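J.: below: sequence and its predicted model.
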Amino acid sequence: MGATATSAASDDRLLPVDAGTRAIARDLYETVADLPIVSPHSHVPASLLRQDRAFEDPTELLISSDHYVTRLLHANGVDYDDLRPTDGSAAGRRAWRLLAEHWHEFAGTASGYWLERTFERVFGIGEDLAAGNADRIYEAIEERLGETAFRPRALFHTFRIDVLATTDDPLDDLADHAALRDDPTFTGRVLPTFRPDRYLDPESPTFPADVARLHEATGEPATFDGYLAALAARRAHFIANGAVSADHGIADLRIVDLGTDTAARLYDRARSGSLSAEDAHAFRGHMLLEMGRMSARDGLVMTIHPGVRRNHNTATFERHGADTGHDIPIATHFTDEIRPLLDEVGLVDGMHLVLFSVDETVYSREIAPLAGFYPSVYIGAPWWFLDAPDAGMRFRSAVTETAGFYRHSGFIDDTRAFLSIPARHDMSRRLDAAFLARLVAEGRVRPAAAERIIHDLTDTMPRKVFKL
Amino acid sequence: MGATATSAASDDRLLPVDAGTRAIARDLYETVADLPIVSPHSHVPASLLRQDRAFEDPTELLISSDHYVTRLLHANGVDYDDLRPTDGSAAGRRAWRLLAEHWHEFAGTASGYWLERTFERVFGIGEDLAAGNADRIYEAIEERLGETAFRPRALFHTFRIDVLATTDDPLDDLADHAALRDDPTFTGRVLPTFRPDRYLDPESPTFPADVARLHEATGEPATFDGYLAALAARRAHFIANGAVSADHGIADLRIVDLGTDTAARLYDRARSGSLSAEDAHAFRGHMLLEMGRMSARDGLVMTIHPGVRRNHNTATFERHGADTGHDIPIATHFTDEIRPLLDEVGLVDGMHLVLFSVDETVYSREIAPLAGFYPSVYIGAPWWFLDAPDAGMRFRSAVTETAGFYRHSGFIDDTRAFLSIPARHDMSRRLDAAFLARLVAEGRVRPAAAERIIHDLTDTMPRKVFKL
Amino acid sequence: MGATATSAASDDRLLPVDAGTRAIARDLYETVADLPIVSPHSHVPASLLRQDRAFEDPTELLISSDHYVTRLLHANGVDYDDLRPTDGSAAGRRAWRLLAEHWHEFAGTASGYWLERTFERVFGIGEDLAAGNADRIYEAIEERLGETAFRPRALFHTFRIDVLATTDDPLDDLADHAALRDDPTFTGRVLPTFRPDRYLDPESPTFPADVARLHEATGEPATFDGYLAALAARRAHFIANGAVSADHGIADLRIVDLGTDTAARLYDRARSGSLSAEDAHAFRGHMLLEMGRMSARDGLVMTIHPGVRRNHNTATFERHGADTGHDIPIATHFTDEIRPLLDEVGLVDGMHLVLFSVDETVYSREIAPLAGFYPSVYIGAPWWFLDAPDAGMRFRSAVTETAGFYRHSGFIDDTRAFLSIPARHDMSRRLDAAFLARLVAEGRVRPAAAERIIHDLTDTMPRKVFKL
């Protein structure tokens, strides 16, 4: 049995429990279950598809590289060191058995849902993972990974991915993207995304070195004007290589217009590493405004992911580095914090700004009201910890009554886990179907309208919002 | 067919999808579906009813005057200028067609729900608005508006409105209200509401001029004592004309007792426009305390609507003025912020304080706990963006377990859109029925109790809370 | 009919309204309905069980001593003085009639639910309380209270309580606990809990006197080192008497490491009552860190209950004292505020930290993400105003997708109302069944897994988290 031999539409997962509403939902879901995947924001590296090597190790593929999975194992007492297959297959199998022993602790989680669906839909494994079958399932997956049909490009095709946007460093030469574009044997679209955080944050320990490289790579003078020109040049390079968006992560969102003179002064001091925390905050806020100005000019969709305190635990950061499962959300606010940006470019024709949040409170309070007025503002799909069935339903309920369905970004998977992409997009389609079915059953949306809406949410909106 | 010929009770809109629960909800709803409307807080002008002129223009009536509708059209790319029938019928029809073209973008929104219900229940139009029938529907509505049965007073009667409170400037002579009261041909109650925001906010650009007019109109000396006396005098004028409440909108709620000397000093400086932002904030906080003191004395119910940043977009404000769809909520807090007021008047017999919020987080965290202790505090109905079916259910769920059903304000429509009043009150009754039906089905509320509660929520509570 | 003659499993209260899901929920619930109660955090005094006197007065037992009940009566206009049976039976009956008259105001509340279930399951009274039957029900309860089967120890047995943790002052000699432990006729476990708030808060008016007693009782010198040693000694005394946890209530959580020198300086000034509000805040934050350090060493589970503004109304506090129903929640944050503690002890083997909140917004935003990484962090059950059916379902929905079921603390009743204990634990089991049943019906959790999970939530997790 090949990958995804089981039709996505063959079960009622995530659909409403009420029979009548479930029937409506199933009909809606079936109209979009097999539509191509549009993925405008992921963390899959382009090199994966360029090289197209076989995945070898189930543990590396499904556990070690997915910090959603490793963090929950860690919380339940597993040491990170035991989850890395350092000595080849034996360690990989041990780590896999750890997952099996802890599998019940994943029940009800988004990670557990992705994994189970990946087992089932990608590998055709319907059994519940357990200590007793861990080795057998490991071997079954390992065997499949050796098949040509399970190489990245084959899966890209099997998954019906139409567009996949990666996330890339501004100084990346984008050679992988170019190679894929020029390869006549690969017809998918793999687009880079401009992600300049480290070049905009004076508190990043590598900031001085990073901006030095930026100036050097672009030949722009080491002034604030040169810095802006260098960033604009790299954006142009990304656009030339197919980029449609620029992504911005920032812990404490607070956009300010410092004016060029002050910003330039802070820039000079930032390069020598002598900025106070408050000035660094202000500089980041100003640079987000500059990024917005550039987006208004060059057309890159601006996406903002605020409100996460990175690397919460010092010891873990020192031992295992960043992105190891201890980034923790904080309360986030948009209304006042983003006002200077919207005042300046919020009404500019063609400006697109997608706002994400891991703080649910802003959905009904700030993001939906903003998106219900500004033509430039789109409501980002539920992000990170909120990218899960119940959270997704709360999101839909929180934003739709104020902003309707046509101010949504469409689904964004934001994932490093390539194999989970179909399960994630499928989940979103099921949730849209479930949500719309209830509105139909409650007499709030007409059946024909619901059918149009679910199609637009799946296909039309992400293409429109991300200019695809 | 006359207005509202379709009985409100003829469909199951908004009732629970589960058949058994829906049956309970329908029974509950039917006991209150046709009760008179008590509307203790609206933005309908009294002049509308005094003059009783025929509405003429469907666009002006249903689009241009409703910034919930225009803001969502704006978000979806429509220019505000195209929504104003400046050159009469032709422009009105063009704007109407714009609404029809964008109608699918209203699916699932509260505004879409009001409009659809208004088409159906007021005008007997059950068709889905679309480009193809836009002109026909426009004409059908236009024709109806020419009929006597569609004049404001006739609709007031058809809608079964018992009491309607308007929102008025403290210096309003209330002649419209007096005329209605003295008119033997009109039996409805139309009451003014004292809304003094601009006279209490030193940061309002018209503050010096407004308070100058206040002193002049009342003959009170231009001192802080005179200012308080002038406000009290205008409240007395409102009470003499039937007012039952004073309404207060404030962005950042923070009540403080500055003491008379400091308050007086700030007042003098405020009149010359020389108050710092911080002092202005403090002065507003003090004046809200003074308003509470006056309410404790004169019995006007005090309603507070905090937490909205007005006029978020400078260009839109400059081009189109205030109340044009870009007021955006901010995080709101009550516990500490309102404490000085509750410490002073929270236990005063007859003091009624209704707390509204557009920040849902305070429902379970602050408002319900406050209303579950203070006899003076009532929980304001879901306001503004939260006045919608799902948000209404979240509200009921958030406050009821702490404070029960008898600390609610009852429904408040808060609307400028006169024709939407029955749809709004009907929605609230349906949501009460749906919520209570679930509690009955879950064995938490006895059927007979539910029947009493829905009657009290619809009729008893708003009359009690607003002293009607 | 004896106490709890009605089986807990005889009805479908709180189970989902959808018939299919309800059937799944009922099956799940029945597997745990009769399991023993593990209550790791309550406010029942140990003396109640040591003395084992008959309860005499229904009003004192069910009204006066339960500030959830008195606060809602107060909100609905009843004077606290009328709820205290000061002149014996006549006043008690009058207060009981007041409850009966106001009984409809409890519909839908958690308090109403506890009381109704207590009437039904403990006293076998299925009638709805009303003015007409108030006296009869009062007498029926009064009569029962005279029976041996209704004495505290007999009820402890009937309720199937296995472990009950009380909440105690650090200087308590724990003689009641020792007596119960040494009494061969009483086989239940009644454990003390170390609750040192007043000894850690320089703004407590009794702080200087309290710490003076602490030094005196332990013989430790009146220095900061002596203060820490004295606290450690009392913790050791608690551990020797069976304590498993230390509980910390704090309004504004913000843990800081002041360093020993600064902390010692502030301690000296705190003892003379000369600390600024800011320094007092810092000192409390530092002492919570010290408590965490001690927990990491002595193994007491650390529980934190932040975010409540105590004694909101001055007049009520002056007239009736603390814990009289006007403690009101405030917005709470954990991510940054608790970081110094987690950085230091968050990965220590055996460290257990249970985080509670009355601010729902932190469930998905902060607590679940923290518990999904730190092995030491457990998600506290819904607390206080949130300990109610709908809030409990929101809680489960908010935390499970991020952290799974195995990072929960298990249910904590936190109650002073001894008779409500079975109803509270029963509610939690029903909610777990309802929540799991939906996940099963949605294809997200396998039926066998759900059965294991509900057993673990009821029994395994509280024993593991609280080291019982």
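T.: Okay, I see it.
J.: please enumerate the strands of the stretch 201-350 of chain A.
T.: For the stretch 201-350 of chain A, the strands defined by DSSP state E, counting those that start in this stretch occupy A:245-250, A:301-306, A:308-309, A:328-329.
J.: closest to B:V256 out of these?
T.: Closest of these to B:V256 is strand A:301-306, at 31.5 Å (criterion: CB to CB). Backbone N, C-alpha and C define where each C-beta goes, glycine included.
J.: off-centre distance for that closest one?
T.: In terms of CA atoms, centre = their mean, to the nearest Å, the centre of strand A:301-306 is set 11 Å apart from its chain centre.
J.: is it anywhere near chain C?
T.: No. Strand A:301-306 does not reach chain C (CB under 8 Å from any CB of the partner chain); its nearest approach is 12.6 Å.
J.: residues contacting that strand, please?
T.: The set of residues external to strand A:301-306 that reach it, using CB atoms under 8 Å, 6 or more residues apart in numbering or on different chains, is A:41, A:244-253, A:288, A:291-292, A:295, A:332, A:334, A:338, A:351-357, A:380, A:383, A:465-467.
J.: residues contacting the residue of the stretch 251-400 of chain A found nearest chain C?
T.: Relative to chain C, the nearest point of the stretch 251-400 of chain A is A:A388 (3.7 Å; CB to the nearest CB). Neighbouring residues of A:A388 by CB under 8 Å, 6+ apart: A:109-110, A:113, A:382, C:401-402.
J.: tabulate the residues you listed (JSON lines), appending distance to A:A322.
T.: Formatted as JSON lines, the contacts of A:A388 follow (distance: CB to CB, whole Å):
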{"residue": "A:T109", "distance to A:A322": "23"}
{"residue": "A:A110", "distance to A:A322": "21"}
{"residue": "A:Y113", "distance to A:A322": "26"}
{"residue": "A:P382", "distance to A:A322": "23"}
{"residue": "C:E401", "distance to A:A322": "24"}
{"residue": "C:T402", "distance to A:A322": "20"}
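J.: which of those residues count as buried?
T.: A:109-110, A:113, A:382, C:401-402 (16 or more other CB atoms under 10 Å in any protein chain shown).
J.: from the centre of chain A, point out the most distant residue.
T.: The C-alpha centroid of chain A is most remote from A:D261, which lies 35.5 Å away (CA atoms, centre = their mean).
J.: need the pLDDT of that one.
T.: Looking at A:D261, its pLDDT stands at 97.
J.: measure it to chain B for me?
T.: Note on A:D261: its distance to chain B, by CB to the nearest CB, to the nearest Å, is 22 Å.
J.: quick one: name the residues of the stretch 301-450 of chain A near chain C.
T.: Proximity of the stretch 301-450 of chain A to chain C, by CB under 8 Å from any CB, involves residues A:309, A:312-316, A:325-326, A:328-331, A:358-361, A:385-386, A:388-391, A:394.
J.: separate out the buried members of these.
T.: Here, 16+ other CB under 10 Å leaves A:309, A:312-313, A:316, A:325-326, A:328-331, A:358-361, A:385-386, A:388-391, A:394 buried among those.
J.: understood, closing this out.
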